[in-house]
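Undergrad: Quick one: sequence and predicted model below, then my questions.
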Amino acid sequence: MKVIVVGNGGREHAIAWKLSQSSLVEEVICVPGNGGTAFEDKCRNIDPEKCEYLDGIKGNDIYVKIAQENSCGLAVIGPENPLAEGLADSFWNAGIPTVGPKKMAAQLEASKDLAKSFMHKYNVACAKSRTFTEKEEALSYIHEQGAPIVIKADGLAAGKGVVVAKTVEEAEKAVNQLMDGEFVGDAGKKLVIEEYLRGTEISILSAVCVTKELSGQKKSCIVPFLSARDHKRLCDGAKGPNTGGMGAIAPVDDASPEILAQFEKSILAPTLKGLEEEGYDYRGFIFFGLMLTEDGPKCLEYNVRLGDPETQAVLPLMDFDFAALCASIADGSLADFNLTWKSGYQVAPVAVSGGYPRSYKKGFNIVIDEEKAKESSAKIFIAGAMENRRRRSPSDTKLVTNGGRVLACSAYGSTFDEAWKNAYSAMSCIKFTDMFYRKDIGLPGAAESN
């Protein structure tokens, strides 16, 4: 079959790469894709702006038309925005099986307020919170509660809508900037303010199949993947501003069997019950952002898709056919799918453009010593880079920078130390102007903790 993958980030490169390994997949159509998928085996990028057959077609219909023109039998939606805008609904309406929740369920990420209400309604273990639309009421609440305290923009904010304020003054500043639209535009007009939880963060990506269309022996389920950890802070030692993610590891040693059992009982199971009772059509992936506290794991947030960069660390450890998993999600047979995993670890540091997460320049040549990189066995997942179509001489590189987070070097090892050394060996083979990356992904003291 042919599969359409929607998105252009490192997550989508990892998804397309893993799909391409399947004997079930003839071709992966990446829309729009990036510089990594441009050179990936069995993958082909399609830029909607360059397709004549799309003249006059708008919105979600663009992706549907591309899928139809290329005879795609399955769609996998990577980012949150098209999910929140109902792209999965459009694919299903056109008869294209899809991995990604429909619009109603996708609001669990699109609205922090809705997500918190859902958690409280179904007794999902989480932080206490209140929602505000009036600035003065929000500020008054902060003074009542004191600091530290967490301020979250209600809407989608590309990972930039959360402020962990250590002082009341920091919290006041966050409220003013978010509600005035300085940080995230209209996404901050409504705020969720929640208690500060002490502990360390982990991520658990999971496959989901919940739909009224199940029949016979098929049943609803959420199937968790290996634990992972994202490193959000820009600099070593978990310092500096928050980013979209400076690297990830999988699995996480402090996610013990006891903690995972608590997670399934107090977070996963009630979430599944809520999805069923709300009548959501959710066939896709869910990301549980967790805080490991003294009282057990607490759910910080839902993402209605795979995490980035966690995907780049988790997918290489899959010892099963990812395309077959995606098909089982879409056709309702997920509960019968057997997930097996490689033993060992994956470490995936991220290289970013100088200046990120603030302003940065684009268009720099990316030089990769591919022979040396192969020795590390690492897979380089491209995110903010594009194919260099102006190549005129051998000195011109295949790829140029085109974003803040440029790439990840994801490497396996039978031990964590081996995986770490392999990942950073690969990173040393890459150069571009103002390139920056953390040197401590996965090491003691690198993880964010409260």
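TA: Perfect, I can see it now. Numbers count the residues shown, from 1 in each chain.
Undergrad: Show me what the stretch of helix or strand residue 270 belongs to is packed up against.
TA: In this assignment (DSSP states H and E), residue 270 forms part of helix 269-277. With contacts defined as 3 or more C-beta pairs under 8 Å, 6 or more residues apart in numbering; DSSP states H and E, the packing partners of helix 269-277 are strand 200-210, strand 221-230, strand 282-293. All C-beta atoms are positioned from the backbone trio N, CA, C, and that covers glycine.
Undergrad: How is this structure divided into domains?
TA: 2-100, 134-189, 198-336, 346-437 (automatic domain parsing).
Undergrad: Pull the residues that contact stretch 65-73.
TA: 1-4, 27, 29, 31, 46, 48, 51, 53-54, 57, 75, 91, 94, 96-97 (C-beta atoms under 8 Å, 6 or more residues apart in numbering).
Undergrad: same check, this time on stretch 441-450
TA: So stretch 441-450 is contacted by 148, 164, 196-201, 229, 231-233, 236-238, 246-249, 291, 347-349, 416, 420, 423, 438, 440 (C-beta under 8 Å, 6+ apart).
Undergrad: Of the residues you listed, select the buried ones using a PyMOL command.
TA: Remark: buried members of the contacts of stretch 441-450, expressed as a PyMOL selection using 16 or more other C-beta atoms under 10 Å:
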select buried, resi 148+164+196+197+199+200+201+229+231+232+233+236+238+246+247+248+249+291+347+348+349+416+420+423+438+440
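Undergrad: so of the contacts of stretch 441-450, which ones are in helices?
TA: Those of the contacts of stretch 441-450 mapping onto helices are 416, 420, 423, per DSSP state H.
Undergrad: Contacts only, for residue 358.
TA: For residue 358, the contacting residues are residue 241, by C-beta under 8 Å, 6+ apart.
Undergrad: Tell me the pLDDT of it.
TA: Looking at residue 358, its pLDDT is 92.
Undergrad: Report the separation between it and residue 243.
TA: According to C-beta to C-beta, to the nearest Å, residue 358 stands 10 Å off from residue 243.
Undergrad: Please determine how far residue 186 is located from residue 362.
TA: 26 Å.
Undergrad: and residue 306, what does it touch?
TA: 11, 15, 78, 205, 285, 287, 314.
Undergrad: Would you indicate which residues of the one helix or strand residue 170 maps to are buried?
TA: Here residue 170 sits within helix 168-179, counting by DSSP H and E. Neighbour counts over helix 168-179 (16+ other C-beta under 10 Å) mark 168, 170, 171, 172, 174, 175, 178, 179 as buried.
Undergrad: outside of it, which residues touch it?
TA: By C-beta under 8 Å, 6+ apart, helix 168-179 touches 135, 138-139, 142-143, 146-147, 149, 151, 153, 161, 163, 165, 182-184, 188-189, 191.
Undergrad: Which members of these are positioned in helices?
TA: 135, 138, 139, 142, 143.
Undergrad: And residue 73, how far from residue 385?
TA: In terms of C-beta to C-beta, residue 73 sits 29 Å off from residue 385.
Undergrad: element containing residue 241, please.
TA: Going by DSSP H and E, residue 241 is in strand 239-242.
Undergrad: Name every strand pairing with that strand and say which way it goes.
TA: Pairing partners of strand 239-242, with direction, according to DSSP bridges: strand 233-235 (antiparallel).
Undergrad: Give me the more crowded residue out of residue 186 and residue 362.
TA: residue 362 (14 against 11; other C-beta atoms under 10 Å).
Undergrad: Report the secondary structure state of the residue lying closest to residue 323 once chain neighbours are set aside.
TA: Spatial nearest neighbour of residue 323, excluding adjacent residues (C-beta to C-beta, 6 or more residues apart in numbering): residue 22 at 3.5 Å. Here residue 22 takes the coil state, with states given by DSSP: H, G, I helix; E, B strand; the rest coil.
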